[in-house]
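Engineer: Quick one: sequence plus predicted model below, questions after.
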Amino acid sequence: MLEVRGLETAYGRSQVLFGIDLAVGAGEVVSLLGRNGMGKTTVVKSILGLTPIRAGSIRFAGEAIHGLPAHRIARRGLGLVPEGRRIFANLTVRENLVATAASGRGGAAPWHYERVLALFPSLAARAGHYGGQLSGGEQQMLAIGRALMTNPRLLILDEATEGLAPLVRAEIWRCLQALKAGGQAILVIDKNIAALSRLADRHIIIEKGRVVWQGNSAALASAGELRQRYLGV
(Lines give C-alpha, C1' and ligand atoms only; values in the text may rest on other atoms or scores of the structure.)
Protein backbone atom coordinates (compact mmCIF):
# COMPACT_ATOMS: atom_id res chain seq x y z
CA MET A 1 0.00 0.00 0.00
CA LEU A 2 2.74 2.45 1.02
CA GLU A 3 6.17 2.21 -0.57
CA VAL A 4 9.00 4.61 0.27
CA ARG A 5 12.29 4.26 -1.60
CA GLY A 6 15.53 6.21 -1.22
CA LEU A 7 13.87 9.01 0.75
CA GLU A 8 16.07 12.01 1.47
CA THR A 9 14.80 15.09 3.27
CA ALA A 10 16.55 18.22 4.52
CA TYR A 11 15.73 21.37 6.42
CA GLY A 12 17.68 24.01 4.57
CA ARG A 13 21.28 22.80 4.39
CA SER A 14 20.78 20.28 7.20
CA GLN A 15 20.00 16.85 5.77
CA VAL A 16 17.92 14.67 8.08
CA LEU A 17 17.00 11.55 6.07
CA PHE A 18 19.50 9.55 4.03
CA GLY A 19 17.94 6.99 1.69
CA ILE A 20 15.07 5.69 3.84
CA ASP A 21 13.27 2.59 2.51
CA LEU A 22 10.06 1.32 4.09
CA ALA A 23 6.77 -0.28 3.11
CA VAL A 24 3.40 -0.97 4.71
CA GLY A 25 1.11 -3.56 3.16
CA ALA A 26 -2.68 -3.65 3.23
CA GLY A 27 -3.86 -4.62 6.71
CA GLU A 28 -0.31 -4.57 8.06
CA VAL A 29 0.95 -2.81 11.19
CA VAL A 30 4.52 -1.49 11.01
CA SER A 31 6.37 0.34 13.78
CA LEU A 32 9.03 3.00 13.20
CA LEU A 33 11.53 2.96 16.05
CA GLY A 34 14.52 5.03 17.12
CA ARG A 35 15.67 7.47 19.75
CA ASN A 36 14.45 11.07 19.78
CA GLY A 37 15.90 13.20 17.00
CA MET A 38 16.71 10.29 14.67
CA GLY A 39 14.24 11.41 11.96
CA LYS A 40 11.05 9.44 12.67
CA THR A 41 8.70 12.43 12.59
CA THR A 42 10.48 13.77 9.50
CA VAL A 43 9.69 10.48 7.75
CA VAL A 44 6.01 10.99 8.56
CA LYS A 45 6.04 14.63 7.46
CA SER A 46 7.75 13.66 4.20
CA ILE A 47 5.16 10.95 3.46
CA LEU A 48 2.30 13.37 4.08
CA GLY A 49 3.76 16.21 2.03
CA LEU A 50 4.29 18.43 5.05
CA THR A 51 8.05 18.60 4.36
CA PRO A 52 9.45 18.65 0.79
CA ILE A 53 11.71 15.74 -0.05
CA ARG A 54 15.11 16.13 -1.67
CA ALA A 55 15.28 12.74 -3.39
CA GLY A 56 13.56 9.38 -3.56
CA SER A 57 9.99 8.29 -4.21
CA ILE A 58 6.81 7.77 -2.19
CA ARG A 59 4.03 5.65 -3.68
CA PHE A 60 0.61 4.98 -2.19
CA ALA A 61 -1.74 2.38 -3.64
CA GLY A 62 0.56 2.19 -6.65
CA GLU A 63 0.59 5.91 -7.44
CA ALA A 64 3.36 8.43 -6.82
CA ILE A 65 2.37 11.00 -4.17
CA HIS A 66 5.67 12.80 -3.58
CA GLY A 67 5.39 16.38 -4.72
CA LEU A 68 1.64 16.55 -4.15
CA PRO A 69 0.26 19.10 -1.65
CA ALA A 70 -0.62 17.69 1.75
CA HIS A 71 -4.39 18.02 1.34
CA ARG A 72 -4.34 15.96 -1.85
CA ILE A 73 -2.23 13.28 -0.20
CA ALA A 74 -4.68 13.12 2.71
CA ARG A 75 -7.56 12.67 0.28
CA ARG A 76 -5.84 9.58 -1.13
CA GLY A 77 -6.56 7.90 2.20
CA LEU A 78 -3.77 8.71 4.66
CA GLY A 79 -4.88 9.70 8.15
CA LEU A 80 -2.53 11.26 10.72
CA VAL A 81 -2.65 11.29 14.51
CA PRO A 82 0.08 13.91 15.06
CA GLU A 83 2.50 14.21 17.93
CA GLY A 84 0.99 16.56 20.49
CA ARG A 85 -2.64 15.71 19.48
CA ARG A 86 -3.46 19.14 17.98
CA ILE A 87 -7.20 18.84 18.41
CA PHE A 88 -9.35 21.96 17.94
CA ALA A 89 -9.58 23.33 21.47
CA ASN A 90 -12.45 25.73 20.68
CA LEU A 91 -14.65 23.06 19.04
CA THR A 92 -16.70 20.43 20.86
CA VAL A 93 -15.90 16.73 20.68
CA ARG A 94 -18.69 16.28 18.16
CA GLU A 95 -17.54 19.24 16.07
CA ASN A 96 -13.94 17.97 16.07
CA LEU A 97 -15.10 14.63 14.70
CA VAL A 98 -17.66 15.87 12.20
CA ALA A 99 -15.28 18.53 10.84
CA THR A 100 -12.95 15.87 9.39
CA ALA A 101 -15.59 13.37 8.24
CA ALA A 102 -15.10 11.85 4.82
CA SER A 103 -17.02 9.13 3.03
CA GLY A 104 -15.85 5.53 3.21
CA ARG A 105 -13.41 4.27 0.62
CA GLY A 106 -15.06 0.99 -0.22
CA GLY A 107 -14.50 -0.60 3.19
CA ALA A 108 -17.08 -2.96 4.66
CA ALA A 109 -17.50 -0.86 7.81
CA PRO A 110 -16.85 2.87 7.24
CA TRP A 111 -16.13 5.10 10.18
CA HIS A 112 -18.78 7.55 11.31
CA TYR A 113 -19.56 9.58 14.43
CA GLU A 114 -21.45 6.86 16.32
CA ARG A 115 -18.84 4.21 15.54
CA VAL A 116 -16.02 6.38 16.90
CA LEU A 117 -17.96 6.95 20.13
CA ALA A 118 -18.50 3.19 20.39
CA LEU A 119 -14.72 2.70 20.11
CA PHE A 120 -14.09 5.37 22.77
CA PRO A 121 -17.10 5.34 25.15
CA SER A 122 -15.54 8.00 27.39
CA LEU A 123 -15.88 10.50 24.54
CA ALA A 124 -19.63 9.89 24.29
CA ALA A 125 -20.19 11.44 27.73
CA ARG A 126 -18.08 14.44 26.71
CA ALA A 127 -19.57 15.01 23.26
CA GLY A 128 -20.71 18.53 24.12
CA HIS A 129 -17.48 19.59 25.82
CA TYR A 130 -14.86 21.69 24.08
CA GLY A 131 -11.57 20.07 23.13
CA GLY A 132 -9.71 22.31 25.54
CA GLN A 133 -11.80 20.99 28.44
CA LEU A 134 -10.75 17.37 27.92
CA SER A 135 -8.02 15.52 29.78
CA GLY A 136 -4.86 14.60 27.92
CA GLY A 137 -6.06 11.04 27.44
CA GLU A 138 -9.44 12.15 26.15
CA GLN A 139 -7.74 14.55 23.75
CA GLN A 140 -5.61 11.68 22.42
CA MET A 141 -8.69 9.52 21.89
CA LEU A 142 -10.31 12.44 20.10
CA ALA A 143 -7.24 12.85 17.88
CA ILE A 144 -7.43 9.17 16.90
CA GLY A 145 -11.18 9.40 16.34
CA ARG A 146 -10.72 12.50 14.20
CA ALA A 147 -8.24 10.64 11.99
CA LEU A 148 -10.59 7.65 11.72
CA MET A 149 -13.41 9.95 10.61
CA THR A 150 -11.44 10.55 7.41
CA ASN A 151 -11.82 6.80 6.71
CA PRO A 152 -8.10 6.33 6.07
CA ARG A 153 -6.67 3.40 4.16
CA LEU A 154 -3.46 3.95 6.16
CA LEU A 155 -3.49 5.35 9.70
CA ILE A 156 -0.25 7.00 10.90
CA LEU A 157 0.29 7.60 14.61
CA ASP A 158 3.18 9.68 15.94
CA GLU A 159 3.76 9.09 19.69
CA ALA A 160 0.09 8.40 20.42
CA THR A 161 0.70 7.28 24.02
CA GLU A 162 3.38 9.77 25.08
CA GLY A 163 2.75 11.44 28.43
CA LEU A 164 -0.46 9.53 29.17
CA ALA A 165 -1.44 7.75 32.37
CA PRO A 166 -0.98 3.95 32.36
CA LEU A 167 -4.71 3.19 32.21
CA VAL A 168 -5.17 5.56 29.28
CA ARG A 169 -2.17 4.09 27.47
CA ALA A 170 -3.71 0.64 27.89
CA GLU A 171 -6.95 1.92 26.38
CA ILE A 172 -5.10 3.33 23.37
CA TRP A 173 -3.30 0.01 22.79
CA ARG A 174 -6.63 -1.81 23.07
CA CYS A 175 -8.02 0.50 20.42
CA LEU A 176 -5.08 -0.14 18.10
CA GLN A 177 -5.42 -3.91 18.53
CA ALA A 178 -9.10 -3.61 17.59
CA LEU A 179 -8.22 -1.57 14.52
CA LYS A 180 -5.66 -4.17 13.46
CA ALA A 181 -8.20 -6.95 13.92
CA GLY A 182 -10.49 -5.01 11.60
CA GLY A 183 -7.83 -4.93 8.88
CA GLN A 184 -6.67 -1.32 9.31
CA ALA A 185 -3.17 -0.66 7.94
CA ILE A 186 -1.13 1.28 10.51
CA LEU A 187 2.28 2.96 10.67
CA VAL A 188 3.05 3.74 14.30
CA ILE A 189 5.81 5.59 16.16
CA ASP A 190 6.05 4.89 19.88
CA LYS A 191 8.59 4.11 22.60
CA ASN A 192 6.69 1.22 24.21
CA ILE A 193 8.60 -1.72 22.72
CA ALA A 194 6.60 -4.34 24.63
CA ALA A 195 3.24 -3.03 23.37
CA LEU A 196 4.56 -2.58 19.85
CA SER A 197 5.89 -6.14 19.83
CA ARG A 198 2.39 -7.42 20.52
CA LEU A 199 0.78 -5.15 17.94
CA ALA A 200 3.11 -4.75 14.96
CA ASP A 201 3.87 -7.27 12.22
CA ARG A 202 7.22 -5.66 11.44
CA HIS A 203 9.57 -3.10 12.98
CA ILE A 204 11.95 -0.63 11.37
CA ILE A 205 14.71 1.07 13.37
CA ILE A 206 16.28 4.28 12.13
CA GLU A 207 19.43 5.93 13.42
CA LYS A 208 20.53 9.39 12.30
CA GLY A 209 18.19 9.31 9.31
CA ARG A 210 19.13 5.83 8.08
CA VAL A 211 17.41 2.46 8.38
CA VAL A 212 19.71 0.24 10.47
CA TRP A 213 17.46 -2.78 11.09
CA GLN A 214 14.16 -4.35 10.01
CA GLY A 215 12.45 -7.48 11.28
CA ASN A 216 9.48 -9.07 13.02
CA SER A 217 8.70 -9.11 16.74
CA ALA A 218 10.43 -12.41 17.38
CA ALA A 219 13.64 -11.12 15.81
CA LEU A 220 13.41 -7.88 17.80
CA ALA A 221 12.87 -9.76 21.06
CA SER A 222 15.98 -11.86 20.49
CA ALA A 223 18.17 -8.89 19.52
CA GLY A 224 18.93 -7.54 22.98
CA GLU A 225 22.24 -5.94 22.04
CA LEU A 226 20.66 -4.23 19.05
CA ARG A 227 17.81 -2.85 21.16
CA GLN A 228 20.25 -1.45 23.68
CA ARG A 229 22.40 0.09 20.97
CA TYR A 230 19.66 1.84 19.03
CA LEU A 231 16.74 2.12 21.45
CA GLY A 232 18.25 2.18 24.93
CA VAL A 233 18.36 5.39 26.93
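Structural biologist: Now that the structure is in, tell me what you want to look at.
Engineer: quick one, helices of the protein?
Structural biologist: 40-47, 70-75, 93-99, 113-119, 121-124, 136-148, 166-181, 193-199, 217-222, 224-231 (DSSP state H).
Engineer: Looking at those helices, which is nearest to Leu155?
Structural biologist: helix 136-148 (6.1 Å; CB to CB). Yep, even glycine has a C-beta here, placed from its N, CA and C like the rest.
Engineer: If you count neighbours, what's buried in that closest one?
Structural biologist: Under the neighbour-count criterion of 16 or more other CB atoms under 10 Å, helix 136-148 has Gly137, Glu138, Gln139, Gln140, Met141, Leu142, Ala143, Ile144, Gly145, Arg146, Ala147, Leu148 buried.
Engineer: ditto for stretch 165-172
Structural biologist: Of the residues in stretch 165-172, Val168, Arg169, Glu171, Ile172 count as buried by neighbour count, 16+ other CB under 10 Å.
Engineer: ditto for stretch 12-21
Structural biologist: Val16, Leu17, Phe18, Ile20.
Engineer: How about stretch 190-210?
Structural biologist: So, applying 16+ other CB under 10 Å, buried residues of stretch 190-210: 190, 192, 195-196, 199-200, 202-207, 209.
Engineer: Turn the residues you listed into TSV, columns for pLDDT.
Structural biologist: Converted to TSV, the buried residues of stretch 190-210 look like this (pLDDT from 0 to 100):
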residue	pLDDT
Asp190	94
Asn192	93
Ala195	95
Leu196	96
Leu199	97
Ala200	97
Arg202	97
His203	97
Ile204	97
Ile205	97
Ile206	97
Glu207	96
Gly209	96
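Engineer: nearest to Gly183, of those?
Structural biologist: Closest approach to Gly183 among those (CB to CB): Leu199, at 14.1 Å.
Engineer: I'd say Ile193 and Ala223 touch.
Structural biologist: No - applying CB atoms under 8 Å as the test, Ile193 and Ala223 come out as separate, 11.0 Å apart.
Engineer: just to revisit the earlier point, return the closest of the buried residues of stretch 165-172 with respect to Ala99.
Structural biologist: The closest of the buried residues of stretch 165-172, once distances to Ala99 are taken by CB to CB, is Ile172, at 21.8 Å.
Engineer: Let's see the pLDDT reported for that closest one.
Structural biologist: With respect to pLDDT, Ile172 scores 93.
Engineer: tell me the contacts of the spatially closest residue to it that is not a sequence neighbour?
Structural biologist: In space, and not counting its chain neighbours, Ile172 is closest to Thr161: 5.2 Å by CB to CB, 6 or more residues apart in numbering. Thr161 makes contact with Gln140, Val168, Arg169, Ile172, Trp173, Asp190, Asn192, Ala195, according to CB atoms under 8 Å, 6 or more residues apart in numbering.
Engineer: 7 Å instead?
Structural biologist: With contacts defined as CB atoms under 7 Å, 6 or more residues apart in numbering, Thr161 is in contact with Arg169, Ile172, Asp190, Asn192.
Engineer: related to what we said a few turns ago, want to throw the buried residues of stretch 12-21 into a markdown table with pLDDT and distance to Gly215?
Structural biologist: A markdown table is the format used below for the buried residues of stretch 12-21 (pLDDT from 0 to 100; distance: CB to CB, whole Å):
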| residue | pLDDT | distance to Gly215 |
| --- | --- | --- |
| Val16 | 96 | 24 |
| Leu17 | 97 | 21 |
| Phe18 | 97 | 20 |
| Ile20 | 97 | 16 |
